[in-house]
Each structure stands twice: as structure tokens, then as C-alpha cells.
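**Student:** Structure, please.
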Amino acid sequence: MSTVREVTLGVLRELGMTLIFGNPGSSELPFLKDLPADFRYVLGLHERTAAGMALGYAMAKNSAAFVNLHSIASAGNGLSAIIDAHYCHVPLIVTTGQQDRRQVLAEPFLVSRAVEVVKPYVKWAYEPLRPEDVPAAIARGYYLAMQPPKGPVFISIPMDDWNRPCPPVKTRKVTQTVLPDTAALDDLVHALDSSRRPALVAGPQIEEDCAWQEVIALAEQLNADVYQDPIASRWTFPRRHRLFRGGLIPAQRPLAEQLHGYDTVVVLGAPVFVYYAYIPGETIAPETRLFQITNSPVDAAAALAGTSIVGNIAVAARYIRYHAQKVERAGSPPLPAPPEPEPEHPITAACVFSVLNKLLPRDAIIAEECPSSKGDLDRYIQLDEPGSFYSVRSGILGFGLPLAVGLQMASPKRRVICPVGDGSAQYSIQALWSAVQQKAPVIFIVLQNNDYSALRGFSDFTNVGPDVPGVEIPGIDAAKIAEGYGMESLTVDCSKEIEPAIQRALACAGPVLISINVQKGGQKTFGMDRSVNPPNYG
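**Tutor:** Numbers count the residues shown, from 1 in each chain. All right, here's what the predicted structure looks like:
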């Protein structure tokens, strides 16, 4: 009879998960020993980095990635990436080691209660009752992780299980498309047919459900304005399209004001809505009909207003397009081009992104983590291809660098560019080493302002005041850190140096870090200033 380990490796092969992202410890070694030649192990120097690379890889592939982390450390060091996967609907199969079953009762060193710790943020958390249940548990976890809305699962495996005898386990086909209620879609079609001025809100589930082209065709048929959802984890509508109107502001009253004047609003593949600063107001104007189509029953239940329809976004968009009338109406004027930034010293983030936009390959991928400069990035970066923009909406720092590495590994024919704040980068700086080791040619653009500018901006925005400790972070040299990990680096101090530095990085076959000394950001909070009457925490 085969062993648990041999049967598990066979299950992973059948499920297409022969790439293992991990950070090993003693309780994982019995599984990792003598990996077969068709398996590849991708080492992260920290659990956050290992799981974060898997996050990017799974997002780009739109399929499950396999992660092997260390014992209880997985729930501490790696939990932030698991939370990102939860909120971004990313299918991760996260496995960790547990102490030897024969001494767990005695509370030995490295005993793990991670299953209980991670439960709020995974679709399923389990420690098999018998060694021979391990392969079947991994298969079950895969089926569940891939079921919409996709997400992470967590399986804790005692270290003495791997060499136990185990019967064969065959994988099964489990369908994943959930069809929306056609009667509810008919009500939506009727509302659109009678609408004078409709708008669509594009959310990340459009890419989860492979609905990019369907949504573009629907918007064009309805001649409807299209907004990106607030705090977008993906851009899911072409930025240069004549119908695109920009992103929504993550606060109730300003968002409702943005959508004021539309008589029908359809949210496609996003919550209703993701807010940040507390600025009370209507979810939507009382005279506006609001519909949500989502693959997430949780998002449907959490919506503060409107009618929610649960089901596949591509199927729903196709159904509406086939049944709704084609509309000829005068649309809103196109978004004006942002002004050309003036060269300043120190450099502005607007100048960085303006130059970068002119040099980006058509199919470039942006993995962003620059909170205080996000507004400038949204204004200046124009991308029109599917799978071109990735972020996360959890608010936990440290996702950008490993996310970019995983995205690049999954998309070797496209170039990944990672604009990241100097503060954010420090949360997972070890990912630079992984980029070098994996020969992943990511271009890391570090916006160096020696400051947690997003915090400073929020402090000003909410009248907390300037006397807050821990906001300044002087003395970090990102270029030297990159060199220490074996990566080529460049430092830019004036605006005329930006273009040649980016061109040089684009010409390199390996990863490059460009450290750009910029002005302190955070003058606005997600596009808002005090004119919106933010909460006063002073």
C-alpha cells in the first residue's frame, strides 16, 4: 500500500498543483523530503512572502495555488496573506505541519492551534482525524477553494502522518459556475429598458468570472457610464474607454453624490459598497434603482441597499445583453486627460506615474502598494488589457512585493511593475530575494519619502493633528537593501532621471529596484479632502 505522502503527491498532480510556495520548519520536513522531479518548491524567507507569492500566482492564473507553511507560525506570520486571499476571493490551499500525533496531548514544543486561529478568514479549516484522511482532505479543500466565491482553505497535518499507509484517492470533477436567477435578471432588464441614464460599477469579480469582454459589450449596448468600485483590488474596465468615468470614493455621502443623477445603477461583481472614512449619507439617492450582481452570497447579504442577484457575472452580463434593448443616447463627456505635472524637486508622485505611463508596455501588469500616492496612480496610469492591475482591499501592508513576484511567475510573457511605498515595502522586503532566486523580472519602483504619508494624510484629514509618533521612517536605503539581496538597483533624485531609469529597467532580463526620492504624499485620503466633512477624531 502507498503512503499518505505518495497518495497526496498524486492528488496534487491530478489537481495541477505541482508548484509549492513555502517556508519550511521541522514539522514540514517529512512531507518535503525528496520531492519528485516534477514538483518545484518556491522558497519565501518569511511566511508572509511565501503565501503572498502564492496569492499573486493564483490571482493571475485564476486557479488554486498550493502553500506549505510552518506550524503555528503560519497563523501569525502568514495570516495577513490569508486575509488578503479571503477578501480578494483567491483560492489558496494552505497546509501546515502539526506536532507528532503521539505527543500533541502533552502540549509539546511547536504544537499548533492554527486551525482555530484562521477560521474567520478561510472557507474551511481542518486537521484530519486519521492520517489516511490527509489526501482526501486536500482534495476536498481544493473543490471548496475553487467554488465561487473562491477563497483560501487551511489544513493542519501532523508530521508523523506522511509515512503511514494510505489507500488511493481519485480526484473528481466539481463544477463551479452558479447561474443567477433569470426572473431577477428580467426585473433588471425591465429597469434598464425604462432607464434614462444608467451607470455600471465594475468590480473585481468580473475577472474572477472571466467576464471582461461581456461587461464591455454590455456597457456599449446600454451606452452606460462605467465606474470602478472603491478601493479596487483589480481594474476591470479599460481605462481609456469612452464610457469610463473613474473610480468611486470610499465614503457614503461622496460616493452617493458621484452617482447622483443616474436613475439606475448596476454593481457588477463588487460589494455595495466598500467604505473607509465615516462620512454618513445615503447609500444611493432614494430615486435611484440599485441592483447588485455578485458571485458572493456574503456581499449580497451585506449590501446596505438595492436588489442583490447571486450568480456568475459573465452569465448575467450575457443574459442582460441578449434581452435588454440597445440604447442610443448622448453619453457623458470623456474623462479629461490629467495635466502634465511640472518638474519639481523633490519629485512628485504624479510626475513618476506620468512618465511611467508613457513607457509602459501595452500588456504591462501593475501590482500596487503605494497608499499615499494611490490617487496619482489612478489618474495617470492608463491600462486597457485584462489582468493588468492588482492590489488588495484588506488594508494590511506588505502584500505588494510578494504579490508582484507571484504575478510575474504566472505571467512570464508580460512585465510586472510594482510601485510601492518605502514604508509598505519593509513589511515583506524579503520578497526581493525571492524575485532574484526565481529570476522574476519585476520592476520595483519604491517611492522613497521617509514617511508613512498615508497615516499623516489621514491624521490631517480627520483633525487628529500632527503630534502622532511613529509616522517618520528615516534612514532606509531601499537601493542598498536590494543590492544586498543580489538585485540590480537604481536611485533617482530628479525628474529628468526617471525616464532613463525606467527604460534601463525595462531592458533588463532580471528584477530591478528603482528607488525614487519623492515629496511626502497623503495630501488627500482616497481622493477626499476636508470639504467632504470627515469625522473629527481630534
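**Student:** least trustworthy helix or strand in the protein by mean pLDDT?
**Tutor:** Counting by mean pLDDT, DSSP states H and E, the weakest-scoring helix or strand in the chain turns out to be helix 73-76, with a mean of 85.
**Student:** Give the rounded mean pLDDT of the very next helix or strand once past that helix.
**Tutor:** Downstream of helix 73-76, the first helix or strand assigned by DSSP states H and E is helix 79-87. Average pLDDT, helix 79-87: 97.
**Student:** i'd like the first residue to be 45 from this point on
**Tutor:** Sure, I'll start counting at 45 from here, so that last one is helix 123-131.
**Student:** distance of the most centrally placed residue in the chain from residue 154?
**Tutor:** Nearest to the mean C-alpha position of the chain, by CA atoms, centre = their mean, lies residue 436 at 3.5 Å. For residue 436, the distance to residue 154 (CB to CB, to the nearest Å) stands at 30 Å. Just so you know, the C-beta spots here come from the backbone N, C-alpha and C atoms, and that holds for glycine as well.
**Student:** ditto for residue 469
**Tutor:** Distance of residue 469 to residue 154, computed by CB to CB: 30 Å.
**Student:** neighbour count winner among those two?
**Tutor:** A direct count of neighbours by other CB atoms under 10 Å for residue 469 and residue 154 places residue 469 higher, at 28 against 16.
**Student:** before we move on, which element is that one in?
**Tutor:** Using DSSP H and E, residue 469 maps to helix 466-469.
**Student:** Just list what that helix packs against, helices and strands only.
**Tutor:** The contact analysis (3 or more CB pairs under 8 Å, 6 or more residues apart in numbering; DSSP states H and E) places helix 466-469 against helix 444-454, strand 487-492.
**Student:** Give me the buried stretch members for the last one, please.
**Tutor:** Which is strand 487-492. 487, 488, 489, 490, 491, 492 (16 or more other CB atoms under 10 Å).
**Student:** got the angle between it and helix 444-454?
**Tutor:** When axes from the mean of the first three to the mean of the last three CA atoms, to 10 degrees is applied, the directions of strand 487-492 and helix 444-454 differ by 170 degrees.
**Student:** now do the same end-to-end measure for stretch 430-447.
**Tutor:** The straight-line separation of the ends of stretch 430-447 (CA to CA, to the nearest Å) is 17 Å.
**Student:** How far off centre is it?
**Tutor:** Computed by CA atoms, centre = their mean, to the nearest Å, the chain-centroid distance of stretch 430-447 equals 4 Å.
**Student:** Next: stretch 82-94.
**Tutor:** Centre-to-centre, stretch 82-94 and its host chain are 19 Å apart (CA atoms, centre = their mean).
**Student:** again with stretch 552-563
**Tutor:** Relative to the chain's own centre, stretch 552-563 is displaced by 22 Å; criterion: CA atoms, centre = their mean.
**Student:** Same check on stretch 565-577?
**Tutor:** Its chain's C-alpha centre and that of stretch 565-577 lie 24 Å apart, by CA atoms, centre = their mean.
**Student:** ok, back up a step: going by distance to residue 61, which of the buried residues of strand 487-492 wins?
**Tutor:** Closest approach to residue 61 among those (CB to CB): residue 488, at 27.6 Å.
**Student:** circling back to that earlier point, in the least confident helix or strand of the chain, what's buried?
**Tutor:** For helix 117-120, by 16+ other CB under 10 Å, it's 117, 118, 119.
**Student:** Extract the CA atoms of that helix and return them as CSV.
**Tutor:** Taking Å, rounded to 0.1, in the frame of the first residue of the first chain, the C-alpha atoms of helix 117-120 are listed here in CSV:
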residue,chain,number,x,y,z
ALA,A,117,3.8,30.5,12.6
SER,A,118,1.5,30.2,9.6
ALA,A,119,-1.3,31.8,11.6
GLY,A,120,1.0,34.6,12.8
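**Student:** In terms of secondary structure, what does it contact?
**Tutor:** Counting contacts by 3+ CB pairs under 8 Å, 6+ apart, helix 117-120 packs against helix 91-105, helix 158-162.
**Student:** what residues are up against the residue nearest to the centre of the chain?
**Tutor:** Residues near residue 436 by CB atoms under 8 Å, 6 or more residues apart in numbering: 128, 131, 132, 277, 443, 447.
**Student:** got CSV for those, with neighbour count and distance to residue 57 too?
**Tutor:** Supplementary listing: these in CSV, determined by neighbours: other CB atoms under 10 Å; distance: CB to CB, whole Å:
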residue, neighbour count, distance to residue 57
128, 30, 27
131, 18, 30
132, 25, 27
277, 24, 31
443, 32, 29
447, 33, 26
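**Student:** Widest-spaced pair of the residues you listed?
**Tutor:** So, those by CB to CB: farthest apart are 131 and 447, at 13.2 Å.
**Student:** Now do the nearest residue to residue 162 once chain neighbours are set aside: how many residues are near it, please.
**Tutor:** Using CB to CB, 6 or more residues apart in numbering and skipping the chain neighbours, the partner closest in space to residue 162 is residue 198 (4.9 Å). A total of 27 residues lie near residue 198 under the criterion other CB under 10 Å.
**Student:** Quick one: low-confidence residue ranges for this structure.
**Tutor:** In the predicted model of the chain, no residue satisfies pLDDT under 70.
**Student:** was I right about residue 133 contacting residue 250?
**Tutor:** No - between residue 133 and residue 250 there is no contact under CB atoms under 8 Å: 11.6 Å.
**Student:** more crowded one of those two?
**Tutor:** Neighbour tally, residue 133 and residue 250, criterion other CB under 10 Å: the higher count belongs to residue 250, 28 against 23.
**Student:** Quick check, that one in contact with residue 311.
**Tutor:** No - judged on CB under 8 Å, residue 250 makes no contact with residue 311 at a distance of 10.9 Å.
**Student:** which neighbours do these two share?
**Tutor:** Joint contacts of residue 250 and residue 311 (CB under 8 Å, 6+ apart) do not exist.
**Student:** Quick one, which of the helices and strands packed on helix 466-469 gets closest to residue 82.
**Tutor:** helix 444-454 (16.8 Å).
**Student:** List the residues that contact the residue nearest to residue 408 when sequence neighbours are not counted.
**Tutor:** Distances taken as CB to CB, 6+ apart place residue 459 nearest to residue 408, at 5.3 Å, with adjacent residues excluded. Shown in contact with residue 459 (CB under 8 Å, 6+ apart): 405, 407, 408, 409, 452, 485, 487, 550.
**Student:** Rebuild those as TSV, extending it with distance to residue 361.
**Tutor:** Below are the contacts of residue 459 laid out as TSV (distance: CB to CB, whole Å):
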residue	distance to residue 361
405	28
407	23
408	26
409	24
452	30
485	35
487	34
550	35
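**Student:** wait, which of those residues is closest to residue 62?
**Tutor:** residue 452 (18.7 Å).
**Student:** Kindly write the PyMOL command that selects the buried subset of the contacts of residue 459.
**Tutor:** Per 16+ other CB under 10 Å, the buried members of those correspond to this PyMOL selection:
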select buried, resi 408+409+452+485+487+550
